[in-house]
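Asker: here are the coordinates; sequence isn't available:
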């Protein structure tokens with residue numbers, strides 16, 4: 001997850017066409033390829049991950065609505081890490097080594113099977129504290145990933161082979177540690193999770209010390225953007241189903257419309273804020289790429305949690321939850337605030353000009369938290385604050401674009 005070396009990247013090899021042979025060497029792609037976009041296999045991979053995200057979100061809703069928010073959030077964080085980390089590792093590997101031959105496709109489909117097994121086990125992990133299926137699905141995904149790295153090592157030489165071998169060894173060793181979630185008593189599992197998260201995050205840092213992989217900045221930025229869209233789409237879907245189910249049971253629309261309107265404003269604003277500027281030009285150094293890639297755990301998890309929070313708010317509005325109005329509101333406002341501040345930290349602050357622009361998202365995050373105390377109007381108020389953040393950002397950017405030193409043509413182009 002760092003910038004590629006000259007030997008790995010080259011001057012930019014062309015994007016491979018449909019392979020003439022079913023098997024061919026898995027060699028590094030050029031970092032400066034033109035027109036590098038996500039492949040149909042990558043899009044299918046993302047789509048299948050939505051199943052696991054939906055399951056984690058649904059179980060989070062049940063846990064929070066039943067008054068077990070602490071345990072529910074912990075289980076959600078654990079399940080979502082497995083989903084996100086497997087997705088992220090595949091995305092960075094594919095950016096550097098995707099040759100789209102038969103074996104590459106088959107191993108990727110095995111990873112998809114793994115995430116479906118993981119998704120099937122999420123409910124048992126939440127309700128019975130049984131993590132076996134979650135662990136098994138994660139192992140399937142990660143062992144398949146290790147096989148890809150071993151194949152890449154076979155086709156490489158020197159320091160590039162050492163990097164790929166370190167990845168494979170690190171991935172396989174971590175799977176042994178994850179057995180603690182299955183074998184150790186329940187009180188020890190949060191500590192196992194914490195230790196293994198640190199171990200997993202350390203593998204890329206260690207593997208790429210000698211030579212970085214040849215990932216493609218524009219391709220990586222697109223991959224993360226597409227996954228953000230998918231997660232936000234799942235949020236819209238979850239909220240829509242919740243509102244529809246409540247309305248089908250003849251609850252008054254006056255109780256649901258403020259939540260639906262506020263939820264839409266939050267999701268629309270979340271999309272706008274994330275995609276307001278292209279990020280691929282920022283992804284250059286090792287430090288930037290690691291921090292940016294790892295930080296998206298909070299972006300993805302909070303975006304998915306917004307959908308769960310909207311479902312909780314709907315259940316409270318129609319009297320199906322034992323939560324207080326403050327707790328139900330916090331289920332929406334807290335993940336929304338986390339999303340805003342994390343997107344600012346990873347994206348927006350690098351492109352803002354002046355203190356006014358820099359303060360828009362942090363201030364909005366604080367105001368969204370304050371909306372928690374508005375009772376039944378909290379979600380709508382949070383949505384209005386999010387929309388106001390977008391409008392304020394647009395106005396401030398327009399003023400900077402039309403400032404001194406810019407002629408009329410430049411102002412029109414901006």
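Answerer: Thanks, I have it. Quick caveat: nothing in here was measured; it's all calculated off a predicted structure.

Asker: in the stretch 151-300 of the chain, where is pLDDT below threshold?
Answerer: The stretch 151-300 of the chain contains residues with pLDDT under 70 at 249-252, 280-282, 285-287.

Asker: which residues in it form helices?
Answerer: Taking DSSP state H, counting those that start in this stretch to define them, one finds helices in the stretch 151-300 of the chain at 158-177, 180-183, 189-207, 217-248, 253-274, 286-317.

Asker: pick the most buried one from those.
Answerer: Greatest average neighbour count among the helices of the stretch 151-300 of the chain goes to helix 286-317 (a mean of 23), per mean count of other C-beta atoms under 10 Å. Heads up, the C-betas are built off the backbone N, CA and C, glycines and all.

Asker: and the angle from that one to helix 189-207?
Answerer: 150 degrees (axes from the mean of the first three to the mean of the last three C-alpha atoms, to 10 degrees).

Asker: avg pLDDT for whatever helix or strand comes next after helix 286-317?
Answerer: Using DSSP states H and E, the helix or strand that directly follows helix 286-317 along the chain is helix 325-346. Per-residue pLDDT values across helix 325-346 average out to 93.

Asker: so which elements touch helix 325-346?
Answerer: Where contact means 3 or more C-beta pairs under 8 Å, 6 or more residues apart in numbering; DSSP states H and E, helix 325-346 is packed against helix 253-274, helix 286-317, helix 354-370, helix 378-401.

Asker: just give me how far that helix sits from the chain centre.
Answerer: Mean C-alpha position of helix 325-346 versus that of the full chain (C-alpha atoms, centre = their mean, to the nearest Å) differs by 15 Å.

Asker: buried sites along it?
Answerer: 325, 327-346 (16 or more other C-beta atoms under 10 Å).

Asker: what's the neighbour count on the closest residue to residue 120 other than its chain neighbours?
Answerer: Nearest non-adjacent residue to residue 120, counting by C-beta to C-beta, 6 or more residues apart in numbering: residue 133, 5.7 Å away. Using other C-beta atoms under 10 Å, the number of residues around residue 133 comes to 18.

Asker: my read: residue 133 touches residue 121, true?
Answerer: Yes. Residue 133 lies in contact with residue 121 (C-beta atoms under 8 Å); the separation is 2.4 Å.

Asker: residue 129: which of the helices and strands packed on helix 325-346 is closest?
Answerer: Across those, residue 129 has its closest neighbour in helix 286-317 (19.6 Å, C-beta to C-beta).

Asker: check which helices and strands the closest one sits against.
Answerer: helix 40-65, helix 69-97, helix 189-207, helix 217-248, helix 253-274, helix 325-346, helix 378-401.

Asker: the longest one - contacts with which helices or strands?
Answerer: In terms of contacts (3+ C-beta pairs under 8 Å, 6+ apart), helix 217-248 is packed against helix 40-65, helix 69-97, helix 253-274, helix 286-317.
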